[in-house]
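A.B. asks: here is a sequence with its predicted model. Questions after.
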Amino acid sequence: MFAPALCQGAEEPVPFMDDYRAAISAHASITQRVSIRSYVDGKSLPNRMIGIVTWGAGAEPYICATLQRDDSSRPNDPQTSSVSIASIGDHIRLADSALGAYYEERLSGTGASLLATRADISLCALMYPSIFESFDNGSGCVTEELLNNVPVIRASMNDGVYSVNLVVNAESLLPLRIERIVKGEQGQQISHVCEFAAARTSTHRPPEEIFDVNSVYGYPRLRHEPSGLLAMDKAPPFSVTMMDGNTKSLEELHGKWVIIFLHSESDRLKPASAMYVERAADLAREKGAVFMNVYSQSGSTLGPTRAYAPEWTCMSDTLMKDYAVERTGLPSVVLISPEGKAVDILIGYIPGLGERALESLVKALPAAQ
């Protein structure tokens, strides 16, 4: 495992991230071998993924990856399968040979969750480096170190739940390692690690044909919806007490469009992002819809106490559980129709994409009669 250095007296991540973003944006195409593994208390789990990834983080971010799963826990009966990924902007296509299934999703919808469950969410951060900054709560640092005798720069960020390490080649500033660390329910340290070989860069993007990942397989298309909310006839009922002391229930909101913004434990929206959310909430209410902010009772009270609209802000672990918020350190949004059915969901948060997706969702609502 890569041992992190102490951060005392080190540089803060913001200036470094500006340099990193400029370095990766200078190339139309970056190709690297990648290995994806998970560790528990430093011990490697048997499952891993290896493959090739080609990506770009310029004006139109994209990624193409061909990965092979390998389960070393069965030496006499090796289990292997492949995953092909192609994403441009807010659109992701993925073919999974283990399931014989093909998916097309929005990254800002359920696509980021799809990428996380089939490979690793760190691949999304290659296209959108601002994801790294969303984990920085002001206690991050940048240090110069050696990794396998190669001079590297490590940017460490911590949002209170997840610690994220971005390790880059000190000369090229291209990534060599992305590590996400979180404490498990039993107190164990769980690490998800993407390691990248030295990069080959090009001034040309891949041909468009390479993004048609299902042309080789011809798998049937499925919908990725991990929470199961969209398949339910009715959204889970709730009755919660808002910050102003009043109680609201889904039953009494029948006949209205309802948007529920579920903030996870470590969600600390940047001021600019919070402004977008508040603007979307105002627009929703102008259209006669309800916009609720929901926080965990076991998390920080900083978000709820600074609520923009306390009459529509609550803390409820039950509601968080019933609406299947995944512990990703990122928020989710659920849209409920006037008939009480969940009709759309945004899982995870990609700076820039997330705000636009929420605004588009609200603008598509019918105006109040």
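C.D. replies: Arrived safely, thanks for sending.
A.B. asks: what about the strands in the stretch 201-350 of the chain?
C.D. replies: Secondary structure of the stretch 201-350 of the chain (DSSP state E, counting those that start in this stretch): strands located at 221-222, 239-241, 247-249, 258-262, 290-295, 313-315, 332-336, 342-347.
A.B. asks: reformat those strands as CSV; add distance to E12 and mean pLDDT.
C.D. replies: Bear in mind the C-beta positions are built from the backbone N, C-alpha and C, glycine included. Formatted as CSV, the strands of the stretch 201-350 of the chain follow (distance: least, C-beta to C-beta, whole Å; pLDDT from 0 to 100):
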stretch, distance to E12, mean pLDDT
strand 221-222, 43, 94
strand 239-241, 38, 94
strand 247-249, 41, 95
strand 258-262, 29, 93
strand 290-295, 28, 92
strand 313-315, 31, 90
strand 332-336, 29, 92
strand 342-347, 30, 90
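A.B. asks: separation between the nearest residue to S87 once chain neighbours are set aside and Y349?
C.D. replies: In space, and not counting its chain neighbours, S87 is closest to I63: 5.0 Å by C-beta to C-beta, 6 or more residues apart in numbering. Look at I63 and Y349: by C-beta to C-beta, to the nearest Å, they are 18 Å apart.
A.B. asks: what do you get for I153?
C.D. replies: For I153, the distance to Y349 (C-beta to C-beta) stands at 26 Å.
A.B. asks: so which of the two has more stuff around it?
C.D. replies: Per other C-beta atoms under 10 Å, whichever of I153 and Y349 has more neighbours is Y349, with 25 against 21.
A.B. asks: quick check: phi and psi on the more buried one?
C.D. replies: Per-residue torsions, Y349: phi -150, psi 120 (degrees, to the nearest 10).
A.B. asks: residue boundaries of the helices in the stretch 101-250 of the chain?
C.D. replies: Counting by DSSP state H, counting those that start in this stretch, the segments of the stretch 101-250 of the chain that form helices are 112-118, 122-127, 130-133.
A.B. asks: can you add distance to G288 and give the ones you listed back as CSV?
C.D. replies: Output for these, formatted as CSV (distance: least, C-beta to C-beta, whole Å):
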stretch, distance to G288
helix 112-118, 30
helix 122-127, 35
helix 130-133, 33
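A.B. asks: which one of these lies nearest to L250?
C.D. replies: Between L250 and those, the tightest spacing by C-beta to C-beta is seen for helix 112-118, at 23.6 Å.
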